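Peer 1: Following is a predicted model, sequence given first.
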Amino acid sequence: MLQRPAPRRHLPPLGLASALALLAGITVLMGFPELPPAGGFAVACLAGASAWWRGRRALRLAGAFTVGLGLAGLHGHHALAQRIDADVVGVDLEVELRITGLVRQGTVAASGSGRGFTGFDAVLVSVPQVPELEGRRVSLGWYGPAPGLAPGQVWEMQLRLRRPRGVLNPGGFDRERRALEQRLAATGYVRQPDQARLLSDGGGLDAWRSRTSERLGQRVAHPGMRFVLGLSLGDTRQMQPQDWDALRATGLTHLLAISGFHVGVVAGLGALLAGALSRLWPAMTRRLPRPMLMAWTALACAIVYAAAAGFSLPTQRAVLMIAAALLARLARRPVVAANSFALALLAVLLVDPLAVLSPGFWLSFLGVGWLLWCLGGSQGGAKPPGYLGALLGTQWVASVGLLPLTVWFFGQASVVGPLANLLGIPLVTLVVVPLALLGTLLSLAWSAGGEALLWTAATLVEQGARGMRALAQWPGAMRHLPAPGLPALLLALGGAAWLLMPRGTPGRAMALPLFLPLLWPRLPTPAPGGFEIHVIDVGQGLSLLVRTHAHALLYDTGPNAGGGMDMGATAVVPTLHALGVDRLDALVISHGDNDHVGGMPSVLRAFPGTPLWGQAPWLEREPRTTRCAGTMPFSRRAAPRPPGVQVLPGPVLPACNGTGTASSSASSTPRHSSPMSATKAAACCASAARAAAHCSPATSAMSSNVACCACTVTGSAATCWCWATTAAAAPAAPGSWMRLPRTWRSTRPRTRRGSTIPIPTCSSACAKGTCRCRTPEIMDTSGCAWIPARRPPSSAGARCGDASGTKPRPASESWVKL
């Protein structure tokens, strides 16, 4: 007798598969070169929604994918439409605005100035000159002494705005992408601050957070309060750069950013408190059963804590998951963690599809997804692990599962992170966070009791911070990694999934090689005798990286405008790490303007011990700085040189002895008294730097023929750069519609590589403190030869390099990011 086949199960419209299909549609749109018309996205939303809700299996998933495409496209058009028009840029506008969010304090590091800087976000209430700007969000700066700016205040002031813009570098923070995610219409600054006028005082949640943070910080004068305020109110304004450096080195940054785990702990404590009270007073359960009372209390505690933290994305996800579990209980249905996870993911994506631009979105949801998949239930009837086993298992899953995304987004991996998290997570989440929250709430009614709890929490977290700083100082505590490609990321994610399979899965060790392209990538380097120039985008200023086969020289470091605009830390250092530069052989500072020297402290912190070439007084404090005056012939006693490099006769560059004065073959007395640093000699490279700097991605290709030489002396050895070059850069094609240079950038700025050619006349003269290089008549795409030479007692130097047998290489991209 034939049996009827079992009916095929339908995919639930709000299940995990539908949520992942919606996410895939949104993510695919992020890589579009430009956005199609908005009408097509509206049709896609309507058609996809119908298929999603009424379709079966593949049709339902296709519908969710289409809805993701359409919804992300509509939000993308809306976000781009929020930006100010070009005719408003640079115009002084009289506006009324309302301050939103916490106000940030800083210092401007411009040449010699110590002006204060105050940063804040605001909503434009009234703009008589351009009424269509009303209601849009802007990010502003107030330079100089500022009055008591506070959230919720309404001000009348004059602004000068511009469109949000980021930098086109691999690695680092992209401000333009963040502005798009937050729907910022413009950035700008306050003009004529003395004429700004306060119209009304502040109010609202952000104002309460700001006042409470200031009050508690004044009453509890403990150094650990900077951590406590971050954990209880999400206020990290008192955190110092060295604190963040230590947190990143130990992989503990997530502990200071109020995460979903913190919200879950608070919700659990609230549920336990409600259960204990219901047992003490059974009358509380007459109208509401104890499980429902505990669930409602957990949700209320989660919402209050998320509100105190400013409703960041991880807290939103945690609140939504708790709300989904509560709805399941109200419907008398079993609570399935995967369903709660899917509902939270759907809610976040449907409300704000552009949340995928935030690294926190991926780290938050992927971290919870790994934990649910690996630790969500017992496997094969195995006995549930104890507290220590669960803690170790959670740490293992989080470390392995989030490693690929951590390297992808931040270009670094903490070696001591698993150990630091094993010790830090229990201390912070189970002890410090409850004490900080109870102390903050108790201080509203009983200040002495609340301050005592806060002091205890501050003492504990400060002791933990000392241990964190000790771990961060271990050699190799954090490893910076080059920017990986998309194939390396996908291989590593597959390796993590394979490695986290249940015990007994065959071949789990075979997953380890899948991490190799991510952790030890094969980086392209110039051939021996060749070079490449990378122009680092630092905005108004200059920073240039010159690389040979085995050396790297950085020319200038960009500006530091304060308020988080230190281009040395946010642009130069991340770019060097993303390109795989782990050390600098020389740092050249052309002159003391902030546009060129502002980022130098950050570069030196990241690359300690780098030799400096520069002019006094900017570099007088550096023992490696040398001053040259005069010329001298170079010795013929050259050290072993790279294959294909020919030593040519003739003087090339002034050399310096260990005392910082010029040497010559005849006498060690300076030929003139005008001091000149090694940068003067390296100034021969200035024309190459200017030419390359003008070859920005938005301009047409151009080239400049120059001959460059630069030299430094360490002990009895002289190391010299000598090259003739044609600096050129090809214009970049349009990238993604969002100009997302890190993750979704389709085309990168190109740099010109080449090989050395004969230099028949490479000479420089330092008479009267000037340095000149004669340009060879025959020029082609050429490179740099790094030639070390031993210096005899009376002279030192190197020769011009030649690799005439090497053919010029075609232009190629200096980095490729899909």
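Peer 2: Here it is on my side, so go on.
Peer 1: Quick check: buried residues in the longest helix anywhere in the chain?
Peer 2: Counting residues, the longest helix found in the chain (DSSP state H) is helix 447-472. Under the neighbour-count criterion of 16 or more other Cβ atoms under 10 Å, helix 447-472 has 450-462, 464-465, 468-469, 471-472 buried. Bear in mind the C-beta positions are built from the backbone N, C-alpha and C, glycine included.
Peer 1: cool, stretch 22-36 as well?
Peer 2: For stretch 22-36, using 16+ other Cβ under 10 Å, the buried residues are L22, L23, G25, I26, T27, L29, M30, G31, F32, L35.
Peer 1: Then stretch 191-208?
Peer 2: Using 16+ other Cβ under 10 Å as the test for burial, stretch 191-208 gives P193, A196, G202, D206, A207, W208.
Peer 1: so the fifth one sits right up against L149, yeah?
Peer 2: Yep, that's A207 we're talking about. No: with contact defined as Cβ atoms under 8 Å, A207 does not reach L149; the gap is 11.2 Å.
Peer 1: Which helix or which strand is home to A267?
Peer 2: helix 260-280 (DSSP states H and E).
Peer 1: quick one: that helix to chain centroid distance?
Peer 2: Centroid separation for helix 260-280 versus its chain: 36 Å, with Cα atoms, centre = their mean, to the nearest Å.
Peer 1: what's the farthest-apart pair in the buried residues of stretch 191-208?
Peer 2: P193 and W208 (26.4 Å; Cβ to Cβ).
Peer 1: which residues touch F361?
Peer 2: Neighbour list for F361: L313, V348, A355 [criterion: Cβ atoms under 8 Å, 6 or more residues apart in numbering].
Peer 1: Run the chain-centre distance for the stretch of helix or strand it belongs to.
Peer 2: F361 is part of helix 359-375 when elements are defined by DSSP H and E. In terms of Cα atoms, centre = their mean, the centre of helix 359-375 is set 20 Å apart from its chain centre.
Peer 1: Repeat that for stretch 86-97.
Peer 2: 30 Å.
Peer 1: where does this structure have its least confident helix or strand?
Peer 2: Counting by mean pLDDT, DSSP states H and E, the chain has its least confident helix or strand at strand 784-790, which shows a mean of 27.
Peer 1: picking up where we left off before, include distance to L514 when you put the buried residues of stretch 191-208 into CSV, please.
Peer 2: Output for these, formatted as CSV (distance: Cβ to Cβ, whole Å):
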residue, distance to L514
P193, 56
A196, 57
G202, 52
D206, 45
A207, 50
W208, 49
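Peer 1: Which one among those residues sits at the bottom for pLDDT?
Peer 2: Lowest pLDDT among these: G202, with 75.
Peer 1: Surely L14 and F341 touch.
Peer 2: No: L14 is beyond contact range of F341, at 11.5 Å (criterion: Cβ under 8 Å).
Peer 1: When those two are compared, which one has more neighbours?
Peer 2: F341 (23 against 16; other Cβ atoms under 10 Å).
Peer 1: So what touches the host helix or strand of that one?
Peer 2: Here F341, judged by DSSP H and E, is contained in helix 337-351. Helix 337-351 is contacted by residues 14-16, 18-19, 22-23, 26, 68, 71, 313, 316-317, 320-322, 324-325, 328, 355-356, 361, 365, 368-369, 372, 376 when judged by Cβ under 8 Å, 6+ apart.
Peer 1: 7 Å instead?
Peer 2: Outside helix 337-351, the residues that touch it by Cβ atoms under 7 Å, 6 or more residues apart in numbering are 14-16, 19, 22-23, 26, 316-317, 320-321, 324-325, 355, 365, 368-369, 372, 376.
Peer 1: Buried members of those into ChimeraX, please.
Peer 2: Applying 16+ other Cβ under 10 Å to the contacts of helix 337-351 leaves a buried subset, and the ChimeraX line that selects it is:
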select :14,15,16,19,22,23,26,316,317,320,321,324,325,355,365,368,369,372
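Peer 1: Restricted to helices, list the contacts of helix 337-351.
Peer 2: Restricting the contacts of helix 337-351 to those inside helices, with DSSP H as the criterion, leaves 16, 19, 22-23, 26, 316-317, 320-321, 324-325, 365, 368-369, 372.
Peer 1: What separation do you get for V304 and L233?
Peer 2: Noted for V304: a distance of 12 Å to L233, by Cβ to Cβ, to the nearest Å.
Peer 1: These two: which is more packed in?
Peer 2: Counting neighbours by other Cβ under 10 Å for V304 and for L233 shows that L233 has the greater number, 23 against 15.
Peer 1: OK, contacts around that one?
Peer 2: Residues near L233 by Cβ under 7 Å, 6+ apart: R209, T212, S213, A308.
Peer 1: try 8 Å this time
Peer 2: R209, T212, S213, A308, A309, T440.
Peer 1: residue ranges of the strands in the stretch 451-600 of the chain, please?
Peer 2: Under the criterion DSSP state E, counting those that start in this stretch, the stretch 451-600 of the chain carries strands at the ranges 478-480, 530-535, 544-547, 552-555, 586-588.
Peer 1: For these, could you give me a markdown table that also reports mean pLDDT?
Peer 2: Formatted as a markdown table, the strands of the stretch 451-600 of the chain follow (pLDDT from 0 to 100):
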| stretch | mean pLDDT |
| --- | --- |
| strand 478-480 | 88 |
| strand 530-535 | 89 |
| strand 544-547 | 93 |
| strand 552-555 | 94 |
| strand 586-588 | 90 |
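Peer 1: Okay, domains of the protein per the record?
Peer 2: Per automatic domain parsing, the structural domains of the chain span 16-81, 86-203, 208-251+416-480, 254-357, 530-813.
Peer 1: now the helix holding F341: mean pLDDT?
Peer 2: Mean pLDDT, helix 337-351: 87.
Peer 1: That one vs helix 260-280, what angle?
Peer 2: 120 degrees (axes from the mean of the first three to the mean of the last three Cα atoms, to 10 degrees).
Peer 1: Just want the angle from helix 337-351 to helix 359-375.
Peer 2: With the same axes, to 10 degrees as the basis, helix 337-351 and helix 359-375 are set at 160 degrees to each other.
Peer 1: Whatever helix or strand comes next after the helix holding F361 - contacts with which helices or strands?
Peer 2: Downstream of helix 359-375, the next assigned helix or strand under DSSP H and E is helix 387-410. Where contact means 3 or more Cβ pairs under 8 Å, 6 or more residues apart in numbering; DSSP states H and E, helix 387-410 is packed against helix 359-375, strand 412-414, helix 417-427, helix 486-499, helix 516-519.
Peer 1: In the protein, where is pLDDT below threshold?
Peer 2: Scanning the chain with the threshold set as pLDDT under 70 gives 1-11, 107-115, 376-387, 562-564, 615-818.
Peer 1: one more time with 50
Peer 2: By pLDDT under 50, the low-scoring segments of the chain are 1-2, 5-7, 110-112, 378, 380, 616-818.
Peer 1: now the strand ranked longest in it, how far from the chain's geometric center?
Peer 2: The longest strand of the chain (DSSP state E) is strand 92-107. Put simply, strand 92-107 sits 24 Å off its chain's centre (Cα atoms, centre = their mean).
Peer 1: Now which of the contacts of L233 would you call buried?
Peer 2: Buried members of the contacts of L233, counted by 16+ other Cβ under 10 Å: R209, T212, S213, A308, A309, T440.
Peer 1: In contact with the fourth one, which residues are there?
Peer 2: In other words, A308. Neighbour list for A308: R209, S232, L233, G234, T440 [criterion: Cβ under 8 Å, 6+ apart].
Peer 1: can I get those residues in CSV with distance to H577?
Peer 2: Formatted as CSV, these follow (distance: Cβ to Cβ, whole Å):
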residue, distance to H577
R209, 34
S232, 33
L233, 32
G234, 28
T440, 38
